[in-house]
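A.B. asks: Provide a 3D model corresponding to the input given below.
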Amino acid sequence: MMFKKTLIYIGGPTASGKTDLGIQLAKNFNTEIISCDSRQFYKEMTIGTSVPSIYERKSITHHFIQHKSVVENYNAWDFAKDANSLLKKLFKDKEQVIMIGGSGLYAKSVLNGLDYFPKIPLSVRNEIENIFLQNGIDSLKNMLSKADPIYYKKVDKSNHRRLIRALEVFKASGKPYSSFLNKTTKKKSFNVKTIIIDIPKEILHERIKSRIKIMLNHGLEKEARKLYQYKDNIAMQTIGYKEWFDFFDKKISKEQVENEIVKNTNRYAKKQLTWFKKNFKYNFINEIKVQSIINDLSTSEKFKYSLNN
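C.D. replies: Residues are numbered from 1 along each chain as shown. You can find the predicted model right below:
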């Protein structure tokens, strides 16, 4: 079934040009932007998360930028509910809405709809997060391998957020997380088109290095120092901050910080791209030609998204 309204999702690794493309598309279609970058949700984190500038946010309305505090729990399922509620409002007078972000799980929770999951009591959420903070990611992997071996085989075992989520569901329901997957999803009342940016690796690495230089020059160390008191919060397990926390804890030298941020960001970008290639088989672009993209979005079936992606 085809609908008149369309959600245009722009994904890809960090520093690939998603924000710039999204703003140009939003101006062309006279619409607004939903951010699904999980690092940009938090109001205390500005420099290290490369949130759109005040000028960019004044030129185009952005949603879900710095709307939460690092002390709040906010996951992909919370975001999906909020984003779907907002889409209903925006589609009342917008033909298209743009969604941007490299946090694939958050994006896919909106694009594919939600599986039903039990409500997680705050006590359970805090319990699992404390296990991670006190004992590290290996403790989560050990617990999940026993609680849900089916999901454990396919989950990204380096992603603590997904491990935590699966254990929360198991603890709250007594049933494995895998038993809730692909059972019931909410049908969408709009079309979806996806654009996944995959620029050459050499260009991406140079952009990452340049972006980190800018962050450091704009005061990332000072911002990280202000957030040091929250270093054990889940939201603060973020590249660009955790390296500074290691320096403050005298685990690495100041000279090592920049190299560690660059190295970890490159790894993260590679992991993002691997996830996108696994979950989005089509609709990749390796160069950004704005007018050509606008034409294709407006006049053809190109960039059409299906659940089989």
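A.B. asks: residue contacts, the closest residue to Asn233 other than its chain neighbours?
C.D. replies: Spatial nearest neighbour of Asn233, excluding adjacent residues (Cβ to Cβ, 6 or more residues apart in numbering): Val70 at 5.2 Å. Every residue, glycine included, has its C-beta placed from N, CA and C. By Cβ atoms under 8 Å, 6 or more residues apart in numbering, the contact set of Val70 is 42, 44-45, 227, 230, 233, 235-236.
A.B. asks: Same check on Val110?
C.D. replies: So Val110 contacts 7, 9, 36, 79-80, 83-84, 87, 99 (Cβ under 8 Å, 6+ apart).
A.B. asks: Go again with 6 Å.
C.D. replies: Contact partners of Val110, counting by Cβ atoms under 6 Å, 6 or more residues apart in numbering, are 80, 83.
A.B. asks: That one belongs to a helix?
C.D. replies: Yes: residue state for Val110 (DSSP: H, G, I helix; E, B strand; the rest coil) corresponds to a helix.
A.B. asks: what about it, distance to Gly104?
C.D. replies: 11 Å (Cβ to Cβ, to the nearest Å).
A.B. asks: so which helix or strand takes in the residue nearest to Asn233?
C.D. replies: In the assignment (DSSP states H and E), Val70 maps to no helix and no strand.
A.B. asks: likewise Ile252?
C.D. replies: Short version, using DSSP H and E: Ile252 is in no helix or strand.
A.B. asks: Phe303 and Gly102: what is the separation?
C.D. replies: Between Phe303 and Gly102 the computed distance is 18 Å (Cβ to Cβ).
A.B. asks: Pro176 now?
C.D. replies: From Pro176 across to Gly102, the span is 29 Å (Cβ to Cβ).
A.B. asks: out of the two, which sits in the more crowded spot?
C.D. replies: Gly102 (26 against 18; other Cβ atoms under 10 Å).
A.B. asks: Can you give me the buried ones in the longest helix that the chain contains?
C.D. replies: Longest among the helix segments of the chain by residue count, using DSSP state H, is helix 254-279. Across helix 254-279, burial judged by 16 or more other Cβ atoms under 10 Å covers 257-258, 260-262, 265-266, 268-269, 272-273, 275-276, 279.
A.B. asks: Quickly name whichever of those residues is closest to Ser210.
C.D. replies: Using Cβ to Cβ, Val262 comes nearest to Ser210 of the buried residues of helix 254-279, at 10.3 Å.
A.B. asks: contacting residues for that closest one?
C.D. replies: Counted by Cβ under 6 Å, 6+ apart, Val262 has contacts 209, 212.
A.B. asks: for Gly12, same thing?
C.D. replies: 18, 196-197.
A.B. asks: Filter those residues down to the buried ones.
C.D. replies: Here, 16+ other Cβ under 10 Å leaves 18, 196-197 buried among the contacts of Gly12.
A.B. asks: With respect to Phe247, which of those residues is nearest?
C.D. replies: Within the buried ones among the contacts of Gly12, proximity to Phe247 (Cβ to Cβ) peaks at Lys18, which comes in at 29.3 Å.
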